[in-house]
Structures are given as structure tokens and as C-alpha cells.
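Novice: fold the following and give me the result.
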Amino acid sequence: MKVQSILTCPVCRHQATETMPIDACQFFYDFTERGTRLKPKPGDCCVFCSYGSVPCPPVQENRPGCCG
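Specialist: Sure, this is the predicted structure:
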């Protein structure tokens, strides 16, 4: 399982490498450089699944009811 993901801001394309929580999904992420707050796209459980280079650990493990 991968726990590092590169988040890319859809507004300014700034990137940040972050460690994902292994037992939960992260709903918000703030890019402090521009004050952009990310939230998941419709149908995604977290910001890593929407904007990350790697989906969150619960999705990687195909956990039923992920982050529900």
C-alpha cells in the first residue's frame, strides 16, 4: 500500500506531497499558498481520490463502504 500522494491544485496547479491517513479518508485539504480549499469531486470519498497521484489507502484496499 502506498501512503504518499501528490496533491495537485486544480486552480493553480501547485503540488504538495502528503502522507495519507491509513484508516480514514481526508475530506478537506488547504493549499495555503493560494488559500484554495479542496474537497472531493462528486462520487469520490476524499481529496486524494480526486486530486492525488495515488488514491487513499481504504480505496487501495477495496474496503467495503469505504469512508462511508
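Novice: who are the packing partners of the host helix or strand of residue 48?
Specialist: Assigned by DSSP states H and E, residue 48 belongs to helix 47-51. If you count contacts as 3 or more Cβ pairs under 8 Å, 6 or more residues apart in numbering; DSSP states H and E, helix 47-51 packs onto strand 4-8, strand 36-38. (Glycine included, C-beta is placed from N, CA and C.)
Novice: show me how far it is from its chain's centre.
Specialist: 3 Å (Cα atoms, centre = their mean, to the nearest Å).
Novice: after that helix comes which helix or strand?
Specialist: Next element after helix 47-51 (DSSP H and E): helix 57-60.
Novice: ok now that following helix, how far from the chain's centre?
Specialist: With Cα atoms, centre = their mean, you get 11 Å for helix 57-60.
Novice: ditto for stretch 3-16
Specialist: With Cα atoms, centre = their mean, you get 9 Å for stretch 3-16.
Novice: stretch 12-19 now?
Specialist: With Cα atoms, centre = their mean, you get 10 Å for stretch 12-19.
Novice: list the buried residues for that stretch?
Specialist: residue 18 (16 or more other Cβ atoms under 10 Å).
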